[in-house]
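S.K.: coords below, sequence missing:
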């Protein structure tokens, strides 16, 4: 831990640079929800967008006029005035001033090649643009920051000119100078050496870093800049952003706090909400979870190799660089055909199965055999804890089936080019020795099947009324011919209190879905049985004492 | 570029540490295919597995006995002898010697805490284990490397002891000392400072780095170690590995060559195969592509923001840190509702549409409107270039429908608990004014629909015979209730020569599939029309001249 007393400013650009990411589309309402979440997490600066660049951004700044959070400051992003336009008459700068944001951040060219080839103007004219743009904004806004675009390339190409650009912004009153590795090509040593020189030159200004991940070094470049004296870091939640993304604040923030001992607007309690912030933004961005994500990913503290697992059971810090709880994460033990018995035992313990399940050598051999057989036909249990628990119960003789499928039929028809399709499913199951035969229409065949199955079971098990499917994923397992190959369906279910995941595999996507649904319902019913037994156990002493 | 003349050794552990990744299951045959590919790419060392740890690894080393590649060396991984066992009688060391590998790499404890708490032995006894294990192996194998587990944590906790462990391995004849950041918690500055001291101490030995990505710094830590004097780097293709993964060789290798000017076993021509190696391992590991992957990802050189795109059209190096072709990648221009007209124009140009498509202002407005409408209901075109090209053709009036769906019906039935389900689809389409009504059985409903549709069309369009669906993905678009939500289906098709991607959205997974199938077939037929027109155009001069 360092004795550095700087407080690092965290500048979030998820809503601006992050929204540039391929495949991400935020509505203005999405952006509002995310902004509120970023503010409650404790970001110092929230860059909301570029007024005038899109109707979404304009609408967002309108929505923000009624914001109730005050500790975080809202920033509007833009560029220096257009060449040939006086700053005072530039439409872009006027929109920043009118945006209602607390601060403006404008980018300008600092690489000589960009000035002459990109903008097509003289080097001196660009200095004037920077100077006049910052000066004009400072007359109308409390805080103005300057993003020196391509600063590190510029510094390598023409160090004197790159510094002159910063001088122009500083003279005009910029509050912060942000050094941008716009194309993400710099290495940490290069970043550190530049930052050191800039920090010495402007001791009174906040010096910032804006890194991109094209060399897979955005987080390291950000940390290198802070080590070299930068006190302002820009990045996005989960590192989303154009091309390979921006510096990932979800990795930068715990490094600053836990590894460098630096202070920022997020304290130890706030840091515990890191994983939830990451999951929230991921859901808003409609991205698949990055399971291997450092600090907050599902696998960040997941252990698979047999040798590690036995050590971890002795002492966690032997194999974990931080305490998972400090960032709101948990340790996980995975199951696989490479895993030894110690993994499976740890898993059994973690699942908190009934104490009466005795896992003797014979039972263990059956568990290992079951896992091997299921994996051989395409099952994978890493993302399907509930199916794995059911497998353990089945293999050890601690499973009583609540119902049995007799048959299902699914029917999906589109009758005309412009008609919506109609889906109907019939399901016949045996429950408590009696046949239930139900049918249901649905919005699509999966929904019809889900409805028909629950209609058949809800009489016997009313608790299924609360259950909902909350996610549904399909993956082809071989690419020989994708429509003939086996598919793996992963389902996430919820009863409003808990969430659980199940898996089904088949060459028929509807049968694979049925299998995952079947496990999802059986798991829910096992939970209900446990609760019922606990009630029973609690009741007995009251009667007898 | 540096004038450093070191040749950096590349040590690939995709097959050992990479195989520990959650969700990855390589068979021995998979490992054999990957090993051959790694060898042809030019890796110096290929760590194949841990003999005795699993039947898969044992089988793999058996398969490797007939290997024909010789430039790359095969390494067997293992540990120091078990405490209390003489090295000469240790079963693990004996398996390394018997493995048929060219070299052994064994790990030993270098963090005092691991020795006393993990192994539960005296510090001096561990030194003896390291010394005797390396010495015994060196009597039987040409090359022996030593992985100092948790070296950086050990160095921070007890610098003297960590160095004594390296001394023990060096005295016993180890050819290389590998410093491992086993839990991935170190920062580049810490790594560099340690490596510098080790390099000075053992000037005659190869010093290596083995980094994990728990702090999102594995690549930066690897590069920092090389800057500090290490000449051997360990990592995996795509950074796969336990928890958050290992150092990603796909990012490390181009940084060494293109950014640091260092030599390794891969030359400039070899580097052009980097992207294909990444894709190959990804397919073997059955992982979704990491679209934002640095250097080789689909989005690594993809440009979305309007301002960038116009600049990129002027000069690529203004916005790209390396030439995409140097790693086998290409520039892409994306379409989105945030994009300006310059993006769409660039896209039109890239698609090489017929020169007779005039994109005037009115046509452009229709294109933008179409994109907005489709995106609003859940379409996304980043992964579906073929659907996007059809959208452009439709919006600009350059699309002639080859067939029209009248109706479809899909029927999927499972008749008994142990019976395989039966799938049947009927499709009625209008082709050249005539109705075609066909039915087909299939392996699952998607396959049945694909077969019925192609049966209806193949008479009019025999070229569809060659077409196959090669990938199929389903994604729920909202998580309110996953079975009622809209789904997006992405399909990859191939005719043996080209591959193309299409997309379909609906609340009904089969209708969404139909839409993606429809586009896939229309795109194929558009390609055929183009080829036919080109033949026609070539024929005319022959007749008239």
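M.R.: Looks like it arrived, so ask away. Note that the structure is a prediction, hence the values are computed from the model and not measured.
S.K.: buried residues in the host helix or strand of residue A:207?
M.R.: Per DSSP states H and E, residue A:207 falls inside strand A:206-211. By 16 or more other CB atoms under 10 Å in any protein chain shown, the buried positions in strand A:206-211 come out as A:206, A:207, A:208, A:209, A:210, A:211. Just so you know, the C-beta spots here come from the backbone N, C-alpha and C atoms, and that holds for glycine as well.
S.K.: need the residues of the stretch 1-150 of chain A near chain B, please.
M.R.: For the stretch 1-150 of chain A, the contact set with chain B under CB under 8 Å from any CB of the partner chain comprises A:19-23, A:25, A:53-54, A:56, A:79, A:113-114, A:117-118.
S.K.: So which of the residues you listed are in helices?
M.R.: With DSSP state H as the criterion, helices contain A:56, A:113 from among the residues of the stretch 1-150 of chain A next to chain B.
S.K.: Take the residues of the stretch 1-150 of chain A next to chain B and write them to CSV, including pLDDT and neighbour count.
M.R.: Listed next are those as CSV, based on pLDDT from 0 to 100; neighbours: other CB atoms under 10 Å in any protein chain shown:
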residue, pLDDT, neighbour count
A:19, 92, 30
A:20, 87, 22
A:21, 88, 30
A:22, 79, 24
A:23, 74, 20
A:25, 78, 17
A:53, 86, 20
A:54, 83, 19
A:56, 87, 19
A:79, 96, 20
A:113, 91, 16
A:114, 91, 22
A:117, 86, 14
A:118, 82, 19
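S.K.: Nearest residue to residue A:153 in space, please, no chain neighbours.
M.R.: In space, residue A:153 comes closest to residue A:111 once its chain neighbours are excluded; the distance is 5.1 Å by CB to CB, 6 or more residues apart in numbering or on different chains.
S.K.: ok, now how distant is that neighbour from residue A:119?
M.R.: When distances are taken as CB to CB, to the nearest Å, residue A:111 and residue A:119 turn out to be 11 Å apart.
S.K.: coming back round to it: would you mind pulling up the elements that the strand holding residue A:207 packs against?
M.R.: For strand A:206-211, the packing partners by 3 or more CB pairs under 8 Å, 6 or more residues apart in numbering or on different chains; DSSP states H and E come out as strand A:7-12, strand A:176-181, helix A:188-201, helix A:218-227, strand A:232-235.
S.K.: Partner strands of that strand and their direction?
M.R.: Listed by DSSP bridges, the sheet partners of strand A:206-211 and their directions read strand A:176-181 (parallel), strand A:232-235 (parallel).
S.K.: Tell me which of those is the most buried.
M.R.: strand A:232-235 (a mean of 28; mean count of other CB atoms under 10 Å in any protein chain shown).
S.K.: what separates that one from the chain centre, distance-wise?
M.R.: Averaging C-alpha coordinates over strand A:232-235 and over its chain gives two centres that are 18 Å apart (CA atoms, centre = their mean, to the nearest Å).
S.K.: one step back: count of residues packed around the residue nearest to residue A:153?
M.R.: By other CB atoms under 10 Å in any protein chain shown, the residues close to residue A:111 number 26.
S.K.: For it, which residues are in contact?
M.R.: Each residue near residue A:111 by CB atoms under 8 Å, 6 or more residues apart in numbering or on different chains is listed here: A:149, A:150, A:151, A:153, A:154, A:157, A:158, A:162.
S.K.: redo that, cut-off 6 Å
M.R.: For residue A:111, the contact set (CB atoms under 6 Å, 6 or more residues apart in numbering or on different chains) comprises A:150, A:153, A:154.
S.K.: can you check residue A:213 too?
M.R.: A:184, A:244, A:245.
S.K.: Would you convert those residues into a markdown table that also reports distance to residue A:215, secondary structure and pLDDT?
M.R.: Below are the contacts of residue A:213 laid out as a markdown table (distance: CB to CB, whole Å; DSSP: H, G, I helix; E, B strand; the rest coil; pLDDT from 0 to 100):
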| residue | distance to residue A:215 | secondary structure | pLDDT |
| --- | --- | --- | --- |
| A:184 | 6 | coil | 97 |
| A:244 | 8 | coil | 96 |
| A:245 | 12 | coil | 97 |
